[in-house]
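*Asks:* sequence and predicted structure, then a few things I'm wondering about:
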Amino acid sequence: MNYLAHLYLAQDSDESIIGNLLGDFIKGSLENIENREIARGITTHRKVDLYTDRHEKIIESKRLISQKRKRFAGIIIDVSFDHFLSRNWSLYSESELKDFISDIYTTLTNHKNLLPPKLQMFLPRMIEEDWLGSYIHLDGIGLTLDRISRRIARRFKRGSVLHGAVEEIESNYTTLEENFKEFFPDVIKFVDEQG
């Protein structure tokens, strides 16, 4: 899953929110992380990623992606599921999506010193362009996938077939949304059982 879902699944504390976001930025051992609640959030993020990768609805969803982009199917599904979470927010939360996102941006800004340099660098842009809020629109998902595509292209010094991948979501929209609605209650239950 992508940022919004991980943030939704965090415990109701600033440290848990930060940790659940940092799961994509911090690799390896967590021994050097002094704040145990942040470390616990990172651990939750990692467990959710493992659970997600093995879930039948995720596997089914990845099979929908064209051969051209099969290598990036996991990324495409992760980002698309943030879109479906945004679109169906009221099924999972009593708070308004815009209020939740505003609280997340405030938390990250207030604790910027706890974020890795890379995240500190793009946080102002993330807030200004409202990345989390943009997930509700397919155009926003398209921009997110294209940003990821550019990062991949820079890293591997070649073009990326991930560019324009929003068409994979558009052409499988109804099935992906159904898969999301079957998957997401399972991951919520999984996180609740983790304590």
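*Replies:* That came through fine. Numbering: from 1, shown residues only.
*Asks:* make it CA atoms for all contacts and neighbour counts henceforth
*Replies:* Noted.
*Asks:* give me the below-cutoff pLDDT ranges for the protein.
*Replies:* Applying pLDDT under 70 to the chain flags residues 1, 156-159, 195.
*Asks:* show me where it has its helices.
*Replies:* Applying DSSP state H to the chain gives helices spanning 3-9, 14-22, 36-54, 56-63, 73-87, 97-110, 117-128, 131-134, 138-156, 166-171, 173-194.
*Asks:* tell me what the longest one is packed against?
*Replies:* Secondary structure elements in contact with helix 173-194, counted by 3 or more Cα pairs under 8 Å, 6 or more residues apart in numbering; DSSP states H and E, are helix 36-54, helix 56-63, helix 73-87.
*Asks:* and the second one, which residues are buried?
*Replies:* Along helix 56-63, the positions that meet the burial threshold by neighbour count (16 or more other Cα atoms under 10 Å) are 57-59, 61-62.
*Asks:* switch those over to CSV; also include distance to residue 70.
*Replies:* Below are these laid out as CSV (distance: Cα to Cα, whole Å):
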residue, distance to residue 70
57, 16
58, 13
59, 12
61, 11
62, 8
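*Asks:* quick check, nearest of these to residue 174?
*Replies:* Within these, proximity to residue 174 (Cα to Cα) peaks at residue 61, which comes in at 11.1 Å.
*Asks:* the closest residue to the closest one other than its chain neighbours: neighbouring residues, count only.
*Replies:* Leaving out its chain neighbours, the residue that sits closest to residue 61 by Cα to Cα, 6 or more residues apart in numbering is residue 176, at 6.2 Å. Residue 176: 23 surrounding residues under other Cα atoms under 10 Å.
*Asks:* no further queries at this time; thank you.
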